[in-house]
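>>> got a predicted structure here, sequence first:
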Amino acid sequence: MLDKLRQRIKELLENKTIGVFIGYEQGDNPELARPVMITSAEEVDKLIYDNTCLSMLSKYLLKPEVKASGRCGVIASYSNLRAIIGLLQEHQVTRDDVYIIAVSSGEKMPDYYDEIIDVGHSTHNVGRTTHDEMITDLLKKPPAERWAFWENEFKKCIRCYACRQICPLCYCNRCIADKNQPQWILTSPHLKGNFAWNVIRAYHLSGRCIDCGECERACPVNIPLMLLNKIIYNNIKTNFGYEAGFDPSVPPPLATYNPEDKENFII
Ligand code: SF4
Ligand code: SF4
């Protein structure tokens with residue numbers, strides 16, 4: 001499969017279908033492959049694809065140096081593909097900017113790519129906790145207990161913003177957390193500002209989160225961020241029948257107005 005992939009990327013670069021390709025190479029960490037940008041056919045032997053290829057690549061599509069290199073080829077696992085579709089939905093990239101080589105690994109891939117390769121193994125959700133039971137337990141608790149739960153979690157936050165940096169849909173040039181005139185969120189790692197940061201981050205991803213789990217994987221103090229994301233994700237799915245990152249032609253429900261929308265939250 002790897003030979004086939006390398007050969008295909010070589011052809012795409014040589015016939016100028018793409019100007020740059022984003023994939024993975026072996027880095028210093030044997031458990032986590034490193035993203036790599038390839039611009040010439042001579043470099044394709046660097047490419048690897050295995051269970052260590054977990055990092056999201058979609059955010060590189062937004063980089064000015066990538067945009068300046070012509071059409072960008074990218075290898076897209078299930079989560080990467082959903083992230084790219086999310087960026088297309090939000091008009092951050094155009095279809096002509098990107099050439100998508102999807103890697104099928106058992107999940108049903110969104111039907112939106114230029115080519116697909118079957119790798120026979122999954123990189124999606126590797127090592128991820130599914131939070132369904134924790135969500136059910138948490139939602140059964142009275143509000144005061146839920147508050148105590150999050151207080152206990154958010155007090156650990158060191159405001160490193162790794163969750164923001166890794167998120168494929170968190171791409172503002174200037175984040176609300178960095179603004180100081182006015183300062184919307186206290187920047188020091190104290191509970192009040194930590195609450196504001198984590199709740200605002202999760203709300204900004206409402207209806208946009210593609211459930212990749214990267215924020216939680218990146219958090220150095222193991223805050224179960226996916227609990228918060230997934231509760232919101234499930235609410236959007238239940239109330240609007242919508243999941244981000246499947247169809248670029250469907251407008252996100254929280255960015256559109258429909259007179260038929262439920263208004264039962266208005267008292
Ligand atoms: S799971 Fe986390 S990193 Fe992934 S899109 Fe949602 S908020 Fe962003
Ligand atoms: S990655 Fe974890 S510790 Fe860092 S800002 Fe996000 S929630 Fe806080």
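Alright, I've got the coordinates. Numbers count the residues shown, from 1 in each chain. Ligands and ions are numbered 1, 2, ... in the order given.
>>> C-alpha from now on. contacts and neighbour counts both.
Noted.
>>> pull the contacting residues for Ile185.
Residues in contact with Ile185 (Cα atoms under 8 Å, 6 or more residues apart in numbering) are Ile176, Ala177, Gly193, Ala196, Trp197.
>>> quick check: the farthest pair among those?
The largest separation in the contacts of Ile185, counting by Cα to Cα, is between Ile176 and Gly193 at 12.3 Å.
>>> okay, those two: which has more neighbours?
More crowded of Ile176 and Gly193, by other Cα atoms under 10 Å: Gly193, with 20 against 15.
>>> could you measure from that one over to Tyr161?
The gap separating Gly193 from Tyr161 is 13 Å, by Cα to Cα, to the nearest Å.
>>> quick one: pLDDT of whichever residue of the stretch 1-150 of the chain sits closest to ligand 1?
Closest approach between the stretch 1-150 of the chain and ligand 1, counting by Cα to the nearest ligand atom: Ala83, at 7.3 Å. For Ala83, the model assigns a pLDDT of 96.
>>> where does it sit, in terms of helix or strand?
Element membership for Ala83, per DSSP states H and E: helix 78-89.
>>> list the buried ones in that helix?
Neighbour-count burial for helix 78-89, counted by 16 or more other Cα atoms under 10 Å, picks out Tyr78, Ser79, Asn80, Leu81, Arg82, Ala83, Ile84, Ile85, Gly86, Leu87, Leu88, Gln89.
>>> which parts of the stretch 101-250 of the chain sit against ligand 1?
Cys167, Pro168, Leu169, Leu205, Cys209, Ile210, Asp211, Cys212, Gly213, Glu214, Cys215 (Cα under 6 Å from any ligand atom).
>>> wait, the first one touches Arg217, no?
Which is Cys167. No. The criterion here is Cα atoms under 8 Å, and Cys167 misses it with Arg217 at 10.4 Å.
>>> care to break the chain down by domain?
Domain ranges of the chain: 2-118, 132-255, per automatic domain parsing.
>>> from those domains, which stretch is densest packed?
Most buried of these by mean neighbour count (mean count of other Cα atoms under 10 Å) is domain 2-118; its value is a mean of 18.
>>> ranges for the helices of the stretch 51-200 of the chain?
Remark: helices assigned in the stretch 51-200 of the chain by DSSP state H, counting those that start in this stretch are 64-67, 78-89, 132-140, 143-154, 162-166, 191-204.
>>> if we compare these, which one ends up closest to Glu14?
Of all the helices of the stretch 51-200 of the chain, it is helix 64-67 that lies closest to Glu14, at 17.5 Å by Cα to Cα.
>>> what's the first-to-last distance across stretch 206-220?
Counting by Cα to Cα, you get 23 Å between the two ends of stretch 206-220.
>>> gap between the biggest helix by length in the chain and the chain center?
If you go by DSSP state H, the chain has its longest helix at helix 225-240. Offset of helix 225-240 from its chain centre (Cα atoms, centre = their mean, to the nearest Å): 15 Å.
>>> quick one: secondary structure of Asp45?
helix (DSSP: H, G, I helix; E, B strand; the rest coil).
>>> report pLDDT for it.
pLDDT at Asp45 comes out at 95.
>>> so who does it touch?
Asp45 touches Arg6, counting by Cα under 8 Å, 6+ apart.
>>> ok, now which ones touch the residue most central in space within the chain?
In the chain, the centroid-proximal residue (Cα atoms, centre = their mean) is Pro168; its distance is 3.5 Å. For Pro168, the contacting residues are Met56, Ser58, Lys59, Ala83, by Cα under 8 Å, 6+ apart.
>>> ok, so of those residues, who is nearest Ile266?
Ile266 has its nearest neighbour among those in Ala83, at 32.4 Å by Cα to Cα.
>>> noted, bye for now.
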